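Asks: okay, sequence plus prediction incoming.
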Amino acid sequence: MTLSPGERIAARLAEHADGPVPDVVVEPDAEQLARAAAAALVARLTAAQAVHGTASVVLTGGGVGTAVLRHVAVLAEEPAPGQDVDWTAVDVWWGDERFVPADSDERNEGGAREALLDRVGVPAERVHAMPASDAGFDTPEDAAEWYAGELAAAAQDGPLPRFDVLLLGMGPEGHVASVFPHSPAASDRRPVVAVRNCPKPPPTRVSLGFPAITSAEEVWLLVSGEGKAEAVAAALGGADPLDLPAAGARGRRATRWLLDAAAAGRLPGASG
Ligand SMILES: O=C1O[C@H](COP(=O)(O)O)[C@@H](O)[C@H](O)[C@H]1O
């Protein structure tokens with residue numbers, strides 16, 4: 001039997017794992033990674049709607065994250081049989097956002113709206129954007145508290161709604177959402193946190209914290225490029241989430257790493 005690169009890597013990771021092994025999918029390049037992730041996301045949201053009537057997704061900013069949304073928009077134009085998401089019944093949340101004015105190009109929200117949300121017609125009341133700095137909140141702490149309230153208001157029981165899929169990009173140093181290594185957010189137990197002095201600009205942000213990230217049914221990490229290969233290997237090798245936040249990004253039912261070959265290059269079993 002011939003194993004795919006992802007299966008080969010997963011088998012090697014399983015040899016040393018003491019817990020559930022994440023799924024690993026490896027595509028040849030970033031473009032094919034975005035395409036494959038888009039198809040998988042459509043399938044997952046369709047399946048969630050079949051069970052619950054609605055679906056929910058938590059979006060990420062970043063290069064691959066936004067490319068995935070562009071591919072989802074293409075798939076929405078001509079849905080494959082049985083893969084037809086009802087976009088009027090999808091709740092959209094964000095994993096992190098930059099606390100900058102609403103019209104700033106730095107907003108993750110703007111990229112997602114342009115790539116997908118405005119094209120498929122998600123109703124405004126289902127698009128749960130994190131506040132911009134000119135939206136009536138003086139501080140990112142106020143914005144984070146408000147967003148936590150929005151999450152609680154949408155929850156059936158407990159402080160958080162159901163997240164069917166939570167998408168994350170990852171920085172070369174292992175940050176996910178806006179949780180950076182050794183930052184206060186990495187050990188904060190609140191579902192939504194304010195982020196100041198962020199090492200990657202812009203410095204002021206709002207982010208889901210680990211309690212919200214790990215509440216998702218499925219967490220998918222979308223990572224491309226050789227510059228991230230070392231962090232991918234460390235995260236999957238069991239690094240401490242304080243050192244490498246991506247290592248702590250796990251879903252309740254599944255954790256999937258969707259990689260291109262360059263990002264997977266330092267994983268055990270990656271070559272050969
Ligand atoms: O700052 C951020 O960066 C990460 C990763 O972005 P990428 O372009 O290197 O993939 C992103 O996931 C996060 O949402 C964003 O705010």
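Replies: Cool, got the structure.

Asks: C-alpha from now on. contacts and neighbour counts both.
Replies: Fine.

Asks: just the CA atoms of stretch 183-199, as PDB, please.
Replies: Presented in PDB, the C-alpha positions along stretch 183-199 are these (Å, rounded to 0.1, in the frame of the first residue of the first chain):
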ATOM      1  CA  SER A 183       2.900  36.800  25.400                       C
ATOM      2  CA  PRO A 184       0.300  37.400  28.100                       C
ATOM      3  CA  ALA A 185      -2.400  36.000  25.700                       C
ATOM      4  CA  ALA A 186      -0.600  32.600  25.600                       C
ATOM      5  CA  SER A 187      -1.500  32.000  29.300                       C
ATOM      6  CA  ASP A 188      -4.700  34.000  29.500                       C
ATOM      7  CA  ARG A 189      -7.700  31.900  30.400                       C
ATOM      8  CA  ARG A 190     -10.300  34.300  28.900                       C
ATOM      9  CA  PRO A 191     -12.000  33.300  25.600                       C
ATOM     10  CA  VAL A 192     -11.200  36.700  24.000                       C
ATOM     11  CA  VAL A 193      -8.100  38.700  24.800                       C
ATOM     12  CA  ALA A 194      -6.600  42.100  24.000                       C
ATOM     13  CA  VAL A 195      -3.200  42.000  22.500                       C
ATOM     14  CA  ARG A 196      -0.800  44.900  22.900                       C
ATOM     15  CA  ASN A 197       2.900  45.200  21.800                       C
ATOM     16  CA  CYS A 198       2.400  42.500  19.300                       C
ATOM     17  CA  PRO A 199       5.800  41.600  17.700                       C
END
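
Asks: for that stretch, buried residues please.
Replies: If you call a residue buried by 16 or more other Cα atoms under 10 Å, then stretch 183-199 has these buried ones: 183, 185-186, 190-196.

Asks: and that stretch, what's its mean pLDDT?
Replies: Confidence over stretch 183-199, taken as the mean pLDDT, stands at 97.

Asks: next: stretch 145-154.
Replies: Stretch 145-154 shows an average pLDDT of 98 in the prediction.

Asks: and the contacts of that stretch?
Replies: Counting by Cα atoms under 8 Å, 6 or more residues apart in numbering, the neighbours of stretch 145-154 from elsewhere in the structure are 128, 130-131, 158-161, 191-193.

Asks: among the residues you listed, which pair sits farthest apart?
Replies: Pro131 and Gly158 (22.6 Å; Cα to Cα).

Asks: the more surrounded of these two?
Replies: Of the pair Pro131 and Gly158, Pro131 is the one with more neighbours under other Cα atoms under 10 Å, namely 24 against 10.

Asks: and this protein, which residues reach the ligand?
Replies: Within the chain, the positions near the ligand by Cα under 6 Å from any ligand atom are 60-64, 96-97, 168-171, 176-178.
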